[in-house]
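**Student:** only geometry, no sequence info:
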């Protein structure tokens, strides 16, 4: 069982029920659960969407798109509409949805119903990654309990609204976290992205308008209606409402998932909340929002953690996975391991990503093993830059962006590998690495 | 799409799956707006029951959904957790992605290799363990982490890993 942590600077909203036994529906009700959805039924869709807009909630999957605006794009027509909760959490460094499903599954159900009321959907799907089978069992029990209470099914909460929720898992695929690939997977196909437009809000699952939100976003929704949109917005920074679950991993003393206000200082997150670098070592680099976000140097981390401030610093807030690297890390090896992941996960549908990730992995592997050439450094940069913006879906960008930053910010370390200094952490002969 | 006319309909009686799973499949295909949506979960549940996706399992699932075997294979080869060959009773999946790597995942993987005497995607001769290096499993803050079948084991060291392996070895006889 993952350990729960806590720090005095935390503002526990989404995580307020963690460790409180809220997987049991009666306990969830005691803790104020399902009050927001009752309010939402009374007030109606326009009110819900206005609340969401006022809350400044932005998508927690990584893109940071304003949730209220996303919901307002759904056309008011007679087509069957759907809510799809993205719990395919697979971005390396990210393990927050894991805790939400483990500790507060009813918040996900409640948020899904509210989203459904807002857009006029009668069905919601909760899609978990295949590895989260034990969490699916928790989710399925929570859904069954909600049906038994009349919170799901026909005439929910005694109203005239019907709402069904179905949960399922995938079977191992990072790419399925991309929203259009997620829909493909849910339709029983290979998780290959769809070309956009049309956007899912217009043509989504089964051809119907579909709202797709990250599990953390959806779990936040009931809290916003409970505490009031303005109060929620005020917790965060400008245009970045509320809190976010930050997953500290890597070389901090106290790794864990902490809920902090949007805009919380990254340096403080590492040195105070995370307890600083293990064994008093030096910080070397920080990957601020999951493996796809460009790396930051120690002198670049005195910034607020919200979508706008991290963006201004040349990276992205991403999925909230803060990966902390100390001075023992070989950045070439780290770049290689990152690329190995994207190469493995590339769906192969479009060429820049399929070929680009493979070339980059092979080049980085050879380079790391001490068989690099001077021109490789620029070539890595060139290959990555030519993937950017040229792929069907963001996976190509996710592979390219961190690579460009690794070369740009740690060029000296790449050059050291050339100058008769094969990486000390290389344990494998060149042939094995290149053939891997 | 209609099932191929030659195949007899899969029923609980003639299914290759257990009656419980066959009846679960009967429900699953009616749950979604489109039968095919049940495909990925069905493949996973079938694999859980028989250990891998055999030709017979693929055929029956295709027939239940109303698609060809080729279409089923086209989908299943996409997903890293699905397999068409049997493996050990306990699949030890060591995450070596960035967060786990920083906490010693490669040493842990090599420790498992030595302890089990097998490498990546190999199975012990007694059929108890398989070993696999896997991508991020969503346990980054509790790294290094390992999944054995569907169970997570976090904050591992070589000693803790030995205890984990021993506990499964004990279960293997059950």
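**Tutor:** It's in. Here the structure is a predicted model, which is why all the values come from computation and not from measurement.

**Student:** who's the residue of the stretch 201-350 of chain A found nearest chain B bridged to?
**Tutor:** Per C-beta to the nearest C-beta, residue A:249 is where the stretch 201-350 of chain A lies closest to chain B, at 3.8 Å. Every C-beta, even on glycine, is put in place using the N, C-alpha and C of the backbone. Beta-bridge partners of residue A:249, counted by DSSP bridges, are residue A:323.

**Student:** where in chain B is pLDDT low?
**Tutor:** In the predicted model of chain B, residues B:1-9 satisfy pLDDT under 70.

**Student:** Okay, domains of it per the record?
**Tutor:** Listed by automatic domain parsing, the domain ranges of chain B are B:1-85, B:90-172.

**Student:** Quick check: which of those domains is nearest to residue A:278?
**Tutor:** When the domains of chain B are compared by C-beta to C-beta, domain B:90-172 sits nearest residue A:278, at 9.6 Å.

**Student:** returning to what we had before: so which of the domains of chain B is the most surrounded?
**Tutor:** Ranked by mean neighbour count under mean count of other C-beta atoms under 10 Å in any protein chain shown, the domains of chain B are led by domain B:90-172, which reaches a mean of 20.

**Student:** Now the phi/psi pair for the nearest residue to residue A:120 once chain neighbours are set aside, please.
**Tutor:** In this structure, residue A:120 finds its nearest non-sequential neighbour in residue A:81, 5.5 Å apart by C-beta to C-beta, 6 or more residues apart in numbering or on different chains. Main-chain torsions, residue A:81, degrees, to the nearest 10: phi -110, psi 160.

**Student:** so where do the strands sit in the chain?
**Tutor:** No chain was given, so I picked chain A. Shown for chain A, the strands assigned by DSSP state E span residues A:82-87, A:123-128, A:164-169, A:210-214, A:243-250, A:256-261, A:264-265, A:283-287, A:304-305, A:321-326.

**Student:** wrong one, I was asking about chain B
**Tutor:** B:90-95, B:122-123, B:129-134, B:146-148, B:151-153.

**Student:** Would you reformat those as JSON lines and include distance to chain A?
**Tutor:** Formatted as JSON lines, these follow (distance: least, C-beta to the nearest C-beta, whole Å):
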{"stretch": "strand B:90-95", "distance to chain A": "8"}
{"stretch": "strand B:122-123", "distance to chain A": "15"}
{"stretch": "strand B:129-134", "distance to chain A": "8"}
{"stretch": "strand B:146-148", "distance to chain A": "6"}
{"stretch": "strand B:151-153", "distance to chain A": "7"}
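
**Student:** Now for residue A:43, how many residues are close by?
**Tutor:** By the criterion of other C-beta atoms under 10 Å in any protein chain shown, residue A:43 has 14 neighbours.

**Student:** Please read the previous query as pertaining to residue A:370.
**Tutor:** Neighbours around residue A:370, by other C-beta under 10 Å: 16.

**Student:** next one: the one 3 residues further on
**Tutor:** Neighbouring residues of residue A:373 were enumerated by other C-beta under 10 Å; the total is 11.

**Student:** The closest residue to it other than its chain neighbours and residue A:407: what is the separation?
**Tutor:** What sits nearest to residue A:373 in space, not counting adjacent residues and going by C-beta to C-beta, 6+ apart, is residue A:418, at 7.4 Å. Separation of residue A:418 from residue A:407 (C-beta to C-beta, to the nearest Å) stands at 13 Å.

**Student:** quick one, which of those two is more surrounded?
**Tutor:** Neighbours were counted for residue A:418 and for residue A:407 using other C-beta under 10 Å; residue A:407 has more, 24 against 16.

**Student:** and the closest residue in space to residue A:158 that isn't next to it in sequence, what does it touch?
**Tutor:** The shortest distance from residue A:158 to any non-neighbouring residue, by C-beta to C-beta, 6+ apart, is to residue A:150 (7.2 Å). The contact partners of residue A:150, by C-beta atoms under 8 Å, 6 or more residues apart in numbering or on different chains, come to A:156, A:157, A:158.

**Student:** Out of these, which comes closest to residue B:17?
**Tutor:** Checking the contacts of residue A:150 against residue B:17 with C-beta to C-beta, the nearest one is residue A:156 at 34.0 Å.

**Student:** care to break chain A down by domain?
**Tutor:** Per the record, chain A has its domains at A:25-235, A:243-326, A:331-435, by automatic domain parsing.
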